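In: no sequence for this one, just the structure:
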């Protein structure tokens with residue numbers, strides 16, 4: 001089991017270093033092996049987040065490429081290592097313990113609803129909750145780093161995310177720029193860098209690698225071909241940034257593991273377990289939050305400890321909070337409501353899923369959120385063109 005190093009070796013510490021470079025404080029310590037002074041001297045700090053690009057994958061497939069040439073170290077993600085938790089950490093500088101975003105499916109007690117938290121809509125789909133006059137800032141309620149940094153701040157994001165409730169709530173103080181392609185993303189960064197000589201922080205997010213891994217697998221021709229394209233395009237991008245007094249930090253929110261059909265655990269095959277739950281599973285297929293009927297807690301624990309023990313380990317949610325799985329400091333007041341009564345941490349490459357009425361039964365070919373080294377470790381790539 002690989003857990004976050006919140007002391008000096010995680011993406012939270014990376015964000016602490018960036019904040020400190022702009023004269024802002026952070027409860028979390030800076031990242032080891034990253035000089036804050038060099039960040040402070042730079043005119044432009046560019047943080048390029050390539051969703052799903054794990055450290056182990058980069059080592060395995062990046063030989064001779066730009067990523068491995070400038071690979072400085074590995075970092076841990078947060079727990080669980082997944083997009084909702086990791087991206088919120090990049091945008092707030094906080095760990096899940098403090099920012100309170102805990103996975104793709106989240107039970108929001110204040111709304112009485114299980115949500116897909118990043119699209120900010122109900123699990124069953126439909127319009128964003130913002131269309132129902134729910135202010136997303138009441139859920140994503142921590143000050144984003146864009147509101148703290150004393151420099152011109154830009155968020156370079158896919159066009160389909162440009163006006164999302166999540167983006168609007170986490171980009172306060174930043175100028176948002178939309179793009180339609182990888183070349184468009186990198187070109188927008190280059191244009192912003194050359195636009196003025198003032199200090200700038202530029203956050204850019206690329207999602208397609210993660211999407212291809214999910215649908216095709218990490219070792220598929222689609223994923224490997226896209227990784228090669230990323231490496232080539234990034235090399236050209238870095239060449240264009242020469243002599244611009246920039247520091248480019250390239251990393252990710254998590255890695256992924258491939259899951260075969262034999263790795264899939266469907267709750268419809270375990271009705272005696274499913275009947276102990278008050279609501280469907282929350283979190284992720286690799287780390288599931290279970291809300292349990294008090295009267296059936298013994299049945300839940302017995303079933304998980306026997307019938308599911310080959311696939312997962314069972315933990316008290318409160319114990320994981322006390323053991324600092326989610327972060328180091330004062331827990332968000334809503335955290336306990338958002339991680340259930342128990343957490344199932346899947347072993348090896350297993351996933352666990354249930355399906356609500358109207359949901360299509362679909363398992364992804366690669367997943368994240370677990371505590372394998374493939375999922376937990378992300379690269380720290382540092383370039384000063």
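Out: Okay, I see it. Please read all numbers here as calculations on a predicted model, not as lab measurements. Numbering: from 1, shown residues only.
In: any idea whether the residue lying closest to residue 209 once chain neighbours are set aside is helix, strand or coil?
Out: Once flanking residues are discounted, residue 209 sits nearest to residue 52: 5.0 Å by CB to CB, 6 or more residues apart in numbering. Quick note: C-beta positions are derived from backbone N, CA and C, even for glycine. Under DSSP: H, G, I helix; E, B strand; the rest coil, residue 52 falls in the coil class.
In: got a list of what residue 52 touches?
Out: 209, 210, 213, 214, 252, 253, 254, 255, 256, 368 (CB atoms under 8 Å, 6 or more residues apart in numbering).
In: if I look at the last one, how far off is residue 115?
Out: Translated: residue 368. Taken as CB to CB, to the nearest Å, the spacing of residue 368 relative to residue 115 amounts to 19 Å.
In: who has more neighbours out of those two?
Out: residue 368 (32 against 20; other CB atoms under 10 Å).
In: domain assignment for the chain?
Out: Following automatic domain parsing, one finds the domains of the chain at 11-258+372-383, 261-364.
In: out of those domains, indicate the one that is most buried.
Out: For those, the largest average neighbour count (mean count of other CB atoms under 10 Å) is found in domain 11-258+372-383, namely a mean of 20.
In: distance between the ends of that domain?
Out: 17 Å (CA to CA, to the nearest Å).
In: now it: how far from the chain's centre is it?
Out: In terms of CA atoms, centre = their mean, to the nearest Å, the gap separating the centre of domain 11-258+372-383 from the centre of its chain is 8 Å.
In: just to revisit the earlier point, of all the contacts of residue 52, which comes closest to residue 311?
Out: Proximity to residue 311 was ranked across those by CB to CB; first place goes to residue 368, at 17.0 Å.
In: test my guess that that closest one contacts residue 259.
Out: No - with contact taken as CB atoms under 8 Å, residue 368 and residue 259 are classed as non-touching, separated by 10.3 Å.
In: before we move on, the earlier item: of the contacts of residue 52, which belong to helices?
Out: 209, 210, 213, 214 (DSSP state H).
In: gap between residue 384 and residue 55?
Out: Remark: distance between residue 384 and residue 55 (CB to CB) = 21 Å.
In: who's sitting farthest from the centroid in the protein?
Out: Checked against the mean C-alpha position of the chain, the extreme residue using CA atoms, centre = their mean is residue 295, at a distance of 34.8 Å.
In: any idea which element the closest residue to residue 28 other than its chain neighbours lies in?
Out: Leaving aside its chain neighbours, residue 28 sits nearest to residue 16 (4.4 Å; criterion: CB to CB, 6+ apart). For residue 16, the enclosing helix or strand under DSSP states H and E is helix 11-21.
In: what ranges does the stretch 201-350 of the chain have for its strands?
Out: In the stretch 201-350 of the chain, the segments counted as strands under DSSP state E, counting those that start in this stretch are 246-251, 257-258, 264-266, 282-283, 287-290, 312-316, 342-346.
In: any chance of those strands in a markdown table with distance to residue 335 and mean pLDDT as columns?
Out: Shown next, in a markdown table, are the strands of the stretch 201-350 of the chain (distance: least, CB to CB, whole Å; pLDDT from 0 to 100):
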| stretch | distance to residue 335 | mean pLDDT |
| --- | --- | --- |
| strand 246-251 | 25 | 98 |
| strand 257-258 | 26 | 98 |
| strand 264-266 | 26 | 98 |
| strand 282-283 | 13 | 98 |
| strand 287-290 | 11 | 98 |
| strand 312-316 | 14 | 98 |
| strand 342-346 | 12 | 98 |
